[in-house]
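A.B. asks: Got a sequence here, can you build the structure:
(one chain, ligands or ions: 1)
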Amino acid sequence: MKNALERIVEHKWTEIEALRETARKEAWELKARSLSPPADFLQAIRQDQSVSVIAEVKKASPSAGLIREDFDPAWIATRYAAGGAACLSVITDEEFFQGSLRYLRDVREAVALPILRKEFILDPIQIFESRLAGASACLLIAECLEATQLNELVKLVKELGMTVLVELYEAANLSKVLDSGARLVGINNRDLQTFETDLAHTIELRHKIPDHVTLVSESGIKTRADVLRLEEARIDAILVGETLMRADDPGAKLAELLGRPIPAPTGGT
Ligand SMILES: O=C(O)c1ccccc1NCC(=O)[C@H](O)[C@H](O)COP(=O)(O)O
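C.D. replies: Okay, here's the model as predicted:
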């Protein structure tokens, strides 16, 4: 039986085929290459002395179902900015996460923080689309891509002035990821067979990551103690979605995770 990621990838190819039929690829590419550089995602992570947070705008997921009913991406992004996020991640997959590229555009309008397009990117056309929508960074997942494809997509993201975050779960994919030239690497703590998360997964792989690489621990981060544990293990950044999205005020929860003063409330959803 296929795991969640395999099912997502299978469906994503049907979306990409449809996009290829409707999109004006050459025009997208020309436009994407002509834009001035977006806000620097990697720099925003590296400038924090302590662990940086990439705060995720995530309405639903295969593991959790619907996470937040009163979902207003622009307001959530504003609260994340107030709570101390270094960068944002916006999930755009519609089929499995109830996301949308429109959410990324809404967030882009609302805040100046650099934005990662959290998508299952398999084809260059999605990278042009991401740049045109206002993303500063694209996610590539090692488990979805052969080495040649990964290298080609990493190169294209960089050519367009964006940061590439290359994520892996399987330790066996680490050499492929490092060989791709990625300087921002994410280790996902979520096992996609069982959906269980275990922060020890990032911590165990930490010593295999060279110092010139910025390391992000992704998924399953819930408490201030979790953040301190990852900081202690010299993890540079964390990517947090569900914990923040379940809080009445996602910005206040973020500040709590960071051990910072809680920001004043603003009108919500
Ligand atoms: O979140 C899922 O259920 C999921 C299922 C299949 C593939 C990917 C999935 N999540 C993507 C992510 O990487 C997370 O959204 C991200 O790391 C934040 O995780 P969390 O803080 O646990 O929401």
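A.B. asks: Distance check, residue 91 against the ligand.
C.D. replies: For residue 91, the distance to the ligand equals 6 Å [Cβ to the nearest ligand atom, to the nearest Å]. (Glycine included, C-beta is placed from N, CA and C.)
A.B. asks: Need the pLDDT of that residue.
C.D. replies: Looking at residue 91, its pLDDT reads 98.
A.B. asks: Now it: closest residue in space that isn't a chain neighbour?
C.D. replies: residue 99 (3.9 Å; Cβ to Cβ, 6 or more residues apart in numbering).
A.B. asks: Burial check on the one you found, number of neighbours?
C.D. replies: Using other Cβ atoms under 10 Å, residue 99 has 23 neighbouring residues.
A.B. asks: repeat for residue 156
C.D. replies: Neighbour tally, residue 156, other Cβ under 10 Å: 19.
A.B. asks: doesn't it fall inside a strand?
C.D. replies: No - assigned with DSSP: H, G, I helix; E, B strand; the rest coil, residue 156 falls outside any strand and is helix.
A.B. asks: how close does it get to residue 49?
C.D. replies: 32 Å (Cβ to Cβ, to the nearest Å).
A.B. asks: do residue 147 as well
C.D. replies: From residue 147 to residue 49 the distance is 35 Å (Cβ to Cβ).
A.B. asks: Give the burial count for residue 261, as a bare number.
C.D. replies: Count around residue 261 with other Cβ under 10 Å applied: 11.
A.B. asks: repeat for the one 5 residues further on
C.D. replies: Using other Cβ under 10 Å, the number of residues around residue 266 comes to 11.
A.B. asks: again with residue 148
C.D. replies: Neighbour tally, residue 148, other Cβ under 10 Å: 8.
A.B. asks: And it, how close does it get to residue 180?
C.D. replies: Taken as Cβ to Cβ, the span from residue 148 to residue 180 is 10 Å.
A.B. asks: swap in residue 193?
C.D. replies: Counting by Cβ to Cβ - residue 193 and residue 180 are separated by 25 Å.
A.B. asks: With neighbour numbers in mind, choose between those two.
C.D. replies: Neighbours were counted for residue 193 and for residue 180 using other Cβ under 10 Å; residue 180 has more, 21 against 11.
A.B. asks: In this structure that one contacts residue 167, no?
C.D. replies: No - assessed by Cβ atoms under 8 Å, residue 180 is found out of contact with residue 167, at 11.5 Å.
A.B. asks: pLDDT on the longest helix along the chain, on average?
C.D. replies: Criterion DSSP state H: the longest helix present in the chain is helix 4-22. Helix 4-22 shows a mean pLDDT of 96.
A.B. asks: now check that helix, is it near the ligand?
C.D. replies: Yes - applying Cβ under 6 Å from any ligand atom, one finds helix 4-22 in contact with the ligand at 4, 5.
A.B. asks: Check which helices and strands that helix sits against.
C.D. replies: On a contact count with 3 or more Cβ pairs under 8 Å, 6 or more residues apart in numbering; DSSP states H and E, helix 4-22 meets helix 124-133.
A.B. asks: coming back round to it: hey, what's in contact with both of residue 180 and residue 167?
C.D. replies: Shared contacts of residue 180 and residue 167, defined by Cβ atoms under 8 Å, 6 or more residues apart in numbering, are found at residue 140.
A.B. asks: Any idea which residue of the stretch 1-150 of the chain lies closest to the ligand?
C.D. replies: Of all residues in the stretch 1-150 of the chain, residue 63 sits closest to the ligand, at 3.1 Å by Cβ to the nearest ligand atom.
A.B. asks: wait, I meant the stretch 101-250 of the chain
C.D. replies: Closest point on the stretch 101-250 of the chain to the ligand, by Cβ to the nearest ligand atom, is residue 241, at 3.0 Å.
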